[in-house]
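Quick one, what's the 3D model for this:
(one chain, ligands or ions: 1)
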Amino acid sequence: MPHMVIRDPEFRGSIIPKGTVVFPVLYSALFDPCYFATPNTFNPDHFLDASGVLKKNDAFIPFSVGKRSCLGEGITRAELFLFFTTFLQNFSVSSPMAPEDTDLTPQESGMAKLPPVYQIRFLPR
Ligand code: HEM
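Below is the predicted model of the structure:
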């Protein structure tokens, strides 16, 4: 989302004049190799410590940060939790292909990274 600076802040040695429109690029944090060992691959270890316990990753900011961060973050997190727990309680998920043969490389598409088309099998538990 575009934002406009309301003062003349200094950022990394440069003054950003009041009124300048700034586009925060969340991509630069969400794919930062300093915080994600393999930023371009599906890797749950990005969010687990050495013991397999969930850990907070400061660069995981899909809802942005600060005063104008997403107002819907709470409801979105709750919905995702309810959706996936209900879903996994009721279905077994598998792939008709061997995992190593499934290419999950995102297809670039302007503003977003879209997943490629692939098949998944859902079996009622
Ligand atoms: C996966 C789902 C969602 C993601 C990843 C997401 C992400 C974002 C991001 C990145 C922003 C911009 C923050 C900024 O400008 O710094 C934003 C703003 C906003 N989002 Fe979401 N959002 C999601 C779902 C929702 C939902 C479900 C709602 C409403 C129920 C919502 C309401 C808003 C509102 C009102 C803003 C503007 C906040 C402001 O400008 O003060 N979002 N969201």
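
mind listing what's buried in the one helix or strand Phe81 maps to?
In the assignment (DSSP states H and E), Phe81 maps to helix 73-90. When burial is assessed from 16 or more other CB atoms under 10 Å, helix 73-90 yields no buried residues. (Each C-beta comes from the backbone N, C-alpha and C, glycine too.)

do the same with stretch 19-38
Of the residues in stretch 19-38, 29-30, 36 count as buried by neighbour count, 16+ other CB under 10 Å.

Can you measure across stretch 88-108, start residue to end residue?
Start to finish, the residues bounding stretch 88-108 are 29 Å apart (CA to CA, to the nearest Å).

Out of the buried residues of stretch 19-38, which sit inside helices?
When the buried residues of stretch 19-38 are checked against helices (DSSP state H), the matches are 29-30.

Residue in this structure with the shortest distance to the ligand?
Of all residues in the chain, the one sitting closest to the ligand is Gly72 (2.1 Å; CB to the nearest ligand atom).

name the element Ile108 belongs to?
Quick fix: residue 108 reads Glu, not Ile. strand 107-109.

partners of that strand, with directions?
strand 112-114 (antiparallel) (DSSP bridges).

For the partner strand, give me every contacting residue.
Taking contacts as CB atoms under 8 Å, 6 or more residues apart in numbering, the residues outside strand 112-114 that touch it are 106-107.

swap in stretch 25-38?
In this structure, residues lying in contact with stretch 25-38 by CB under 8 Å, 6+ apart are 39-40, 43, 45-46, 57-62, 64.

Which ChimeraX command selects the buried ones in the residues you listed?
Only the buried members of the contacts of stretch 25-38 enter the following ChimeraX selection, criterion being 16+ other CB under 10 Å:
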select :46,59
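
Keep only the contacts of stretch 25-38 that also lie close to the ligand.
Checking those against the ligand by CB under 6 Å from any ligand atom, the ones in range are 62, 64.

on that earlier part again, so for the helix holding Phe81, mean pLDDT?
For helix 73-90, the mean per-residue pLDDT is 97.

what's in contact with that helix?
Among residues not part of helix 73-90, those counted as contacts by CB under 8 Å, 6+ apart are 63, 70, 124-125.

again, only this time at 6 Å
Residues from elsewhere that reach helix 73-90 (CB atoms under 6 Å, 6 or more residues apart in numbering): 63, 125.
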